[in-house]
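Asks: Pasting the sequence and the predicted model now:
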Amino acid sequence: MQIFLSVYREFIRQKANLFFCAVFPAVLVFILGTLLEQWNISDYEIPEIRIAYAAENEDSAFIQYMETLEKQGILTAERVEDVNKETAMSDMSFAAVIEYDALGRQVILHQGPDKVINRALHIMLQGYASMENALTVCYQNGALPDISLAKNEGEYVIPKKLGVERSMIDYYAVSMLVMILFMGGGISGSTMFYEYRQGGLFNRVVVSPAKKIKVFLFMLLGNLPMTAIEIGTIMFCSTFLFGARYCMNFTENLILIVYFFVAALMINAFGAVVGLIVNFNPTAVMMPLAWIMLFLGGSFSKEIFIDGISNRMPAWVIQQAAFDLTLFGNYNRVFWTGGWMFLCFFLFLALGAVLFCKKKEK
């Protein structure tokens, strides 16, 4: 217990630690969540769509499809005879131009500058092409489709919001928490053992009759108050000062907090092992390593994602599991990754005890 209290008191004495672990990440949540909202779009809203389309008279199915979309208020469509004149869109009156080729059985989309509209139109046209192909296959095989189903006004797919529309404040409320767990927990866990070795305290501990795995464990647990301050301050400020939203109910928020504590234990244990291995200040190793993992893991910007690299970063894995819980209430990834982090924590714990014994022998 004295080991635990010693680590805790050392942390409390250094006021800079309190600022870096509590105030600094909370300020980053506000700065990044507000200033980067204009560049990092969390949820894309489809603007009003006004298009032109060209189709021959006999292409009644496609024309009816366009008219139906217009009646439903999905878009505004204007039929034109010559698509070539409209494709240029010199006056930008149309967001895109659609050309239906009945003989070639092709739907040609002349895209405009708005990528969101282009994507939405592409999905709608793919839906029409799928329906047309399905009807063609039915007629070719002598199976007549049930026309009465088309007149059924019942809705088979009912749109409903998830209850959460994520803002960038919501995003950085999670990612900055992950950031400080890596930066604060990893670096402090490594430098703690390095400083103990430099000050001679480590040599007095390792020659004591206490079990080395117990000593190592209590030195790691001494960082739990720091972790509690980090999680509590960031979640409190993000929620009550900046309007961020985490989970929908108390139980899910409690699971999220426990999940972050498990992540902190694993990261601290890894940092401690590094602090036992290297013979120089481990900040030189932990700082660039943490920054690379956080940067490639999308902690600083959700737009940064390199397939095959980003999704292997620990920061990305932890964040995505947390987002699954905060946005969708999905526990699966949290439990799965949490179990793996527990396993890694015990592996680092055992490795730390072994390194303790080796240091004693020297």
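Replies: Alright, I've got the coordinates. Numbers count the residues shown, from 1 in each chain.
Asks: Beyond the lowest-mean-pLDDT helix or strand in the chain, next helix or strand please.
Replies: When the helices and strands of the chain are compared on mean pLDDT, DSSP states H and E, helix 83-87 comes out lowest with a mean of 56. On the C-terminal side of helix 83-87, the nearest following helix or strand under DSSP states H and E is strand 96-101.
Asks: Output the contacting helices and strands for that following strand.
Replies: Counting contacts by 3 or more C-beta pairs under 8 Å, 6 or more residues apart in numbering; DSSP states H and E, strand 96-101 is packed against strand 50-54, helix 83-87, strand 106-110, helix 115-140. Every C-beta, even on glycine, is put in place using the N, C-alpha and C of the backbone.
Asks: Can you tell me the strand partners of that strand and which way each runs?
Replies: Using DSSP bridges, the strands paired with strand 96-101 are strand 50-54 (parallel), strand 106-110 (antiparallel).
Asks: which residues touch that strand?
Replies: Strand 96-101 has contacts (C-beta atoms under 8 Å, 6 or more residues apart in numbering) with 49, 51-56, 59, 62, 66, 80, 83, 86-87, 89, 106-112, 117-118, 121, 125.
Asks: still on that earlier bit, which of the helices and strands packed on strand 96-101 sits most buried?
Replies: Sort those by mean neighbour count, taking mean count of other C-beta atoms under 10 Å, and strand 50-54 sits at the top with a mean of 21.
Asks: Name the residues that touch it?
Replies: Strand 50-54 is contacted by residues 62, 66, 75-83, 86, 93-100, 121 when judged by C-beta under 8 Å, 6+ apart.
Asks: and the residues you listed, which are buried?
Replies: Among the contacts of strand 50-54, those classed as buried by 16 or more other C-beta atoms under 10 Å are 62, 66, 75, 77, 80, 83, 86, 94-100, 121.
Asks: Grab the two from those that are most spread out in space.
Replies: The most widely separated members of the buried ones among the contacts of strand 50-54 are Phe62 and Ala95, with 18.4 Å between them, by C-beta to C-beta.
Asks: In three-state terms, label the residue nearest to Asn253 when sequence neighbours are not counted for me.
Replies: When the adjacent residues along the chain are set aside, Asn253 lies closest to Cys247, with 4.5 Å between them (C-beta to C-beta, 6 or more residues apart in numbering). Here Cys247 is recorded as coil under DSSP: H, G, I helix; E, B strand; the rest coil.
Asks: Next up, phi/psi of Cys247, please.
Replies: Backbone torsions for Cys247, taken as degrees, to the nearest 10, come to phi -90, psi 170.
Asks: In this structure it contacts Phe328, no?
Replies: No: using C-beta atoms under 8 Å, Cys247 is not in contact with Phe328, being 10.1 Å away.
Asks: Who has more neighbours out of those two?
Replies: Cys247 (18 against 14; other C-beta atoms under 10 Å).
Asks: that older thread, nearest to Phe30 among the buried ones among the contacts of strand 50-54?
Replies: Of those, the one sitting nearest to Phe30 (C-beta to C-beta) turns out to be Ala95, at 35.5 Å.
Asks: Would you mind listing the buried residues in the helix or strand hosting Leu289?
Replies: Leu289 is located in helix 283-296, with elements delineated by DSSP H and E. Neighbour-count burial for helix 283-296 flags Thr283, Val285, Met286, Leu289, Ala290, Met293, Leu294, Leu296 (criterion: 16+ other C-beta under 10 Å).
Asks: Report the two of the residues you listed separated the most.
Replies: Farthest pair in the buried residues of helix 283-296, by C-beta to C-beta: Thr283 and Leu296, 20.1 Å.
Asks: ok so, going back, please name whichever of the strands paired with strand 96-101 is nearest to Asn332.
Replies: Counting by C-beta to C-beta, Asn332 lies closest to strand 106-110 out of the strands paired with strand 96-101; the figure is 37.4 Å.
Asks: That closest one to helix 115-140, inter-axis angle?
Replies: Angle, strand 106-110 to helix 115-140, by axes from the mean of the first three to the mean of the last three C-alpha atoms, to 10 degrees: 170 degrees.
Asks: And the contacts of strand 106-110?
Replies: By C-beta under 8 Å, 6+ apart, the residues outside strand 106-110 that reach it are 62, 83, 87, 96-101, 118, 121-122, 125, 128-129.
Asks: Identify, from those residues, the entry nearest to Val178.
Replies: Asn118 (33.4 Å).
Asks: What pLDDT does the model give that closest one?
Replies: In this model, Asn118 is scored at 82, pLDDT.
Asks: Distance check, the residue nearest to it when sequence neighbours are not counted against Ala120.
Replies: Nearest residue to Asn118 in three dimensions, chain neighbours excluded: Gln111, at 4.5 Å (C-beta to C-beta, 6+ apart). Here Gln111 is placed at a distance of 11 Å from Ala120 (C-beta to C-beta, to the nearest Å).
Asks: Understood, closing this out.
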